[in-house]
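sequence first, predicted model second:
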Amino acid sequence: MKPWLSAEYDQLFHKIHQLDARVITLAGASPGCGASTQSLWLARRCAEDQHNVLLIDLDLSGSGQGYPASPWQSDGTGEKEVLIHLDHQLDILPQPSSHRTILDLRQPQILTTALERWKKSYHYIVCDIGTINAANWQNLPITAISHISDVSILCLASAQTTESELLTSMTKLEQGGIHLLGTLINDMSNPSLSQEIIRVLNGKARWIPNKIKRNLIRYLQHNPVLLGKYQ
């Protein structure tokens, strides 16, 4: 199943639609929490309703969407030549390769002007801004993002994102006056119920006969509900 067609993304999209939000930013509370993947999935979900969508890769401290940085400028020069057309409704604008463009986008007025230009061609604009707490001079400050965003979504990874990283991210969002729509939790590193039961069986259920235990483990390893694949 396409993950962006899951019930969770459907609920998220309808919330965005109800708020009449057109500019959505996704930020990660910690490195490797999957903010860029979540950005792509949300952009695909928005495009499913036949809306033109632009996904802008502004994750300047990480790999972002995985495409090479390209020489486009904040005034629109070179944009059409570097746009990546995923399908009829969804385009990706790669990270800018020019330091001049990066510095320009840090200026609220220039960023706002660029946004107004993008709005003329796209109904939804999804901004992948990477990790909020990344120590990288190139990153767009969260206060600059607040000027262009209708709503923001904070991504975190269960069993990986620390409490300190989450609280720091929330503080920066609040200080920037950003409307936080909610959080997306990446549970890829979280053990499934099946794995936890098997761990207990192997560690504490030594009184169970080996043959029965093997049959139980085999069942647990193939049960889609306990593996979290019920969607």
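Great, that's in hand. Keep in mind the model is a prediction, meaning the values are calculated, not measured.

CA only for contacts and neighbour counts going forward, please
Will do.

go through the strand or helix carrying Asn202 and flag the buried ones.
Assignment of secondary structure by DSSP states H and E places Asn202 within helix 193-204. Buried residues in helix 193-204, counted by 16 or more other C-alpha atoms under 10 Å: 194-195, 198, 201.

stretch 78-94 now?
79, 82-84, 89-94.

what average pLDDT does it get?
Averaging pLDDT along stretch 78-94 gives 95.

residues near Leu216, how many?
14 (other C-alpha atoms under 10 Å).

in stretch 65-80, which residues are buried?
Quick answer for stretch 65-80 (16+ other C-alpha under 10 Å): 65, 69-74, 79.

JSON lines for those residues, including distance to Lys119 and secondary structure?
JSON lines is the format used below for those (distance: C-alpha to C-alpha, whole Å; DSSP: H, G, I helix; E, B strand; the rest coil):
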{"residue": "Gln65", "distance to Lys119": "21", "secondary structure": "coil"}
{"residue": "Ala69", "distance to Lys119": "22", "secondary structure": "coil"}
{"residue": "Ser70", "distance to Lys119": "21", "secondary structure": "strand"}
{"residue": "Pro71", "distance to Lys119": "21", "secondary structure": "coil"}
{"residue": "Trp72", "distance to Lys119": "17", "secondary structure": "coil"}
{"residue": "Gln73", "distance to Lys119": "17", "secondary structure": "coil"}
{"residue": "Ser74", "distance to Lys119": "14", "secondary structure": "coil"}
{"residue": "Glu79", "distance to Lys119": "14", "secondary structure": "helix"}
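
rebuild those residues as CSV, extending it with distance to Leu115.
Output for those, formatted as CSV (distance: C-alpha to C-alpha, whole Å):
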residue, distance to Leu115
Gln65, 20
Ala69, 19
Ser70, 18
Pro71, 18
Trp72, 14
Gln73, 13
Ser74, 10
Glu79, 13
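
which one of these is nearest to Val225?
Distance to Val225, by C-alpha to C-alpha, is smallest for Gln65 among the buried residues of stretch 65-80, at 30.9 Å.

what's the per-residue pLDDT of that closest one here?
Each residue has a pLDDT score; the one for Gln65 is 93.

show me the contacts for Leu154.
Contacts for Leu154 were tallied using C-alpha atoms under 8 Å, 6 or more residues apart in numbering; they are 26-29, 180, 182-184.

how is the protein partitioned into domains?
Per automatic domain parsing, the domain ranges recorded for the chain read 3-186, 191-231.

quick revisit: the buried residues of stretch 78-94 in strands, which ones?
Counting by DSSP state E, the buried residues of stretch 78-94 place 84, 90-93 in strands.

quick one: the helices in the chain?
7-18, 35-47, 79-82, 99-105, 108-119, 142-146, 163-175, 193-204, 210-221 (DSSP state H).

so which of the ones you listed gets nearest Asp128?
That would be helix 35-47 among those, by C-alpha to C-alpha, at 5.9 Å.

kind regards, and thank you for your time.
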